[in-house]
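**Student:** this one's structure only:
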């Protein structure tokens, strides 16, 4: 599972593949910590790999991966 952290219109959005709407944050650090916690929780509960992808415009980097 890949949880995306997207920078759109001066806000950070955590996009979870199983949720219908993104969650907005003003702080990129807070948004990243939230996305990282979701990824760690998913891996701990399921044993399936999970990652956090940080995306700005068309550029992205997979910042962290579990499993």
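**Tutor:** Everything's here; your move. Treat the numbers as computed from the prediction; the structure is a model and nothing was measured. Numbers count the residues shown, from 1 in each chain.
**Student:** And what about residue 54, helix, strand or coil?
**Tutor:** Secondary structure assignment for residue 54 (DSSP: H, G, I helix; E, B strand; the rest coil): strand.
**Student:** Which strand or helix spans residue 32?
**Tutor:** Using DSSP states H and E, residue 32 sits within helix 28-46.
**Student:** Residues contacting that helix, please?
**Tutor:** With contacts defined as CB atoms under 8 Å, 6 or more residues apart in numbering, helix 28-46 is touched by 1, 3-5, 7, 12-14, 16, 23, 25, 48-52, 54, 63-64, 66-67. Where you see a C-beta, it was placed from the backbone N, CA and C, and this is true even at glycine.
**Student:** If we use 7 Å, what do you get?
**Tutor:** The contact list for helix 28-46 (CB atoms under 7 Å, 6 or more residues apart in numbering) reads 1, 3, 5, 12, 14, 16, 25, 48-52, 64, 66-67.
**Student:** got a winner among these for most neighbours?
**Tutor:** Within those, most neighbours by other CB atoms under 10 Å means residue 52, with 25 neighbours.
**Student:** and residue 19, helix, strand or coil?
**Tutor:** coil.
**Student:** before we move on, what about residue 51?
**Tutor:** Following three-state DSSP, residue 51 is assigned to strand.
**Student:** Residue 42 - how many residues pack around it?
**Tutor:** 21.
**Student:** what's the angle from the helix holding residue 32 to strand 50-56?
**Tutor:** Angle, helix 28-46 to strand 50-56, by axes from the mean of the first three to the mean of the last three CA atoms, to 10 degrees: 160 degrees.
**Student:** that older thread, and of the contacts of helix 28-46, the nearest to residue 58?
**Tutor:** Residue 58 lies nearest to residue 5 out of the contacts of helix 28-46, by CB to CB, at 14.9 Å.
**Student:** Leaving out chain neighbours, which residue sits closest to the residue of the chain positioned farthest from its centre?
**Tutor:** Distance to the chain centre peaks in the chain at residue 47, reaching 17.7 Å (criterion: CA atoms, centre = their mean). In this structure, residue 47 finds its nearest non-sequential neighbour in residue 67, 7.0 Å apart by CB to CB, 6 or more residues apart in numbering.
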